[in-house]
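> here's my sequence, what's the structure:
(2 chains)
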Amino acid sequence: MINRVRGTQDILPARFTDKTDAQIECWNLVEQTARDAFRLCGFEEIRTPIIERTELFERGIGTETDVNKEMYTFEDRDGERVSLRPEQTASVVRACIEHGMFNQPGLAKLFYIGPQFRRERPQKGRYRQFGQIGVEVLGQSDDPAIEAEVIEMLDWYLKQLRITGTELLVNSIGDENCRPAYIERLKEAIRQRLPQLCGSCNQRYETNPLRVLDCKIESCQPYLNELPVITDSLCEPCRAHFQSFTAMLDQRGIAYTLAPRLVRGLDYYTRTAFEIIGSQLGAQNTIVGGGRYDGLSQMLGGPPAKGFGFAFGIERMIMSLPDDAARSLKQVPDVFVAYIGERARKHSFELARRLREAGISAVVDLEGRKLKKSLAVANSLAARYALIIGDSEIDSSSYVLRDMTTGEQRNLSESDLIATLRN
RNA sequence: GCGAGCAUAGCUCAGUUGGUUAGAGCGCCUGACUGUGGAUCAGGAGGUCGCGGGUUCAAGCCCCGCUGCUCGCCCCA
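Numbering: from 1, shown residues only, chains lettered A, B, ... in the order given. Below you'll find the predicted structure:
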């Protein structure tokens, strides 16, 4: 017995599993709804390789972080270091640079859907291979209208999925002009409180002071509230940008909460950062994270370009879905064709082909079962109708169509049959 | 990287202070019903009790090691 590798999942038809984030119906719902919602706003799909040069991710993330330890990295036969993508923003920006997409007029408004890989300890809603959907807007403009539009689109998407009870948190984390000075002020303030703060806060004081701000430890909370917030330290352009952004959310009637302690860990993030949190999952309650990353293109060796985007994990989105979300999506055949005898069997295959040509999904018994067994299979597949064909049906060119819900049966000619099955 | 829990049929689980042939429900197969599913009834298949070692007259049960899974912590691009 060879099992799947740790932290990966098989996505099965719902009738084979109760685990919603392993049901193909849920995945299709989340993915298809995204494609539809994003297309309405003029976004175009992009697919990038799941394998990239390790350097691509190291540039943006830095080599010494333990993010690196969580990458699947290996040496290719020719000695090149490659990694399974741990995120996709860098890949999308790389593709834009590589194909000169910034040279087209207007913005590149892109979305992607696909697997990503992080070698973490698996736990609830967290896998080593996980699905992610993301949106990126790249180009020369950093107009806050881009941010408001993207968030409105995301809001619409969540509404389409009937996910409610979410909260939008927004913040500005400044840029290279105002953030360094703020970080110094923050470190100074943290230094005063180091003895009172928890162990990981003490560690983050050294490695990533901004992250102290979103420590979840209860005993740290009173001290965190005393720390200076970045919103008070923004330079004038950043302050104006953020004000304009929130004003646009107001105009669009999108509710939000100012979250001055919402931060991002990496250097290329600038200005607007946001998250959408849900009530479903306790401490791990972030459903969507996003923000502006104006520094990334240049960091990857491309032209100066502004960027804004978000991403979310598909498994976690599925867990936020209402319970009945995927029920209507179960794929059931329109008709199951059952036959009696060898002559009818041949006839069934031909008839099934004509039904399929008419756009009707038809499943024929391939096992030579008795009528009774065929109907039992039709029942377990939840087929809407069963078609019963025997010698007398062939001779009279009139087939028995059985409604599997009511048990009602009608005799129909082939053309009436097709008309009925098409609804 | 750290911690906790779990591992018995396809699935969900029971299995007494260690006792002889390891059970149930659901599902699956066959039949009652030679051309009618779901309901009922009768029968059947399916298990190296995760793996390896130890204790014992005797281990699914106790002990040790390993592996796997799950859930936390850390981290979260």
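> neighbours of the closest residue to RNA strand B within the stretch 201-350 of chain A, how many?
When scored by Cβ to the nearest atom of the strand, the stretch 201-350 of chain A has residue A:265 as its residue closest to RNA strand B, at 3.6 Å. Where C-beta positions appear, they are placed from N, C-alpha and C, glycine not excepted. Residue A:265: 15 surrounding residues under other Cβ atoms under 10 Å.
> isn't it right up against residue A:207?
No - counting by Cβ atoms under 8 Å, residue A:265 stays clear of residue A:207, with 9.5 Å between them.
> how does chain A divide into domains?
A:14-164+A:255-319, A:332-421 (automatic domain parsing).
> can you redo these as TSV with mean pLDDT?
Compiled in TSV, the domains of chain A are given as follows (pLDDT from 0 to 100):
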stretch	mean pLDDT
domain A:14-164+A:255-319	91
domain A:332-421	95
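> among the ones you listed, which is the most enclosed?
domain A:14-164+A:255-319 (a mean of 18; mean count of other Cβ atoms under 10 Å).
> how long is it end to end?
Domain A:14-164+A:255-319 has an end-to-end distance of 14 Å (Cα to Cα, to the nearest Å).
> center of chain A, which residue is that?
In chain A, the residue lying closest to the centroid (Cα atoms, centre = their mean) is residue A:133, at 3.2 Å.
> that one falls within a helix, correct?
No - assessed with DSSP: H, G, I helix; E, B strand; the rest coil, residue A:133 is strand; it does not lie in a helix.
> please tell me how far it sits from residue A:27.
11 Å (Cβ to Cβ, to the nearest Å).
> check residue A:408 too.
Relative to residue A:27, and taking Cβ to Cβ, residue A:408 is found at 35 Å.
> what touches both of residue A:133 and residue A:27?
residue A:314 (Cβ atoms under 8 Å, 6 or more residues apart in numbering).
> go through stretch A:322-332 and flag the buried ones.
Buried residues in stretch A:322-332, counted by 16 or more other Cβ atoms under 10 Å: A:325-326.
> which bits of the stretch 301-423 of chain A sit near RNA strand B?
A:340, A:370-373, A:375-376, A:378-380, A:388, A:390-393, A:400, A:402, A:404-407, A:409 (Cβ under 7 Å from any atom of the strand).
> and residue A:348, what element?
Using DSSP states H and E, residue A:348 sits within helix A:342-357.
> just the helices in chain A please.
Remark: helices assigned in chain A by DSSP state H are A:24-40, A:54-61, A:89-98, A:144-160, A:179-193, A:199-207, A:221-226, A:236-251, A:296-299, A:314-319, A:342-357, A:371-380, A:391-396, A:414-421.
> wait, which of the ones you listed is closest to residue A:124?
Closest approach to residue A:124 among the helices of chain A is made by helix A:314-319 (8.3 Å; Cβ to Cβ).
> now do that closest one: distance to the chain's middle.
Distance, stretch centre to chain centre, for helix A:314-319: 7 Å (Cα atoms, centre = their mean, to the nearest Å).
> likewise for stretch A:294-307?
Worked out by Cα atoms, centre = their mean, stretch A:294-307 lies 24 Å from the chain centre.
> same question, stretch A:156-170
With Cα atoms, centre = their mean, you get 14 Å for stretch A:156-170.
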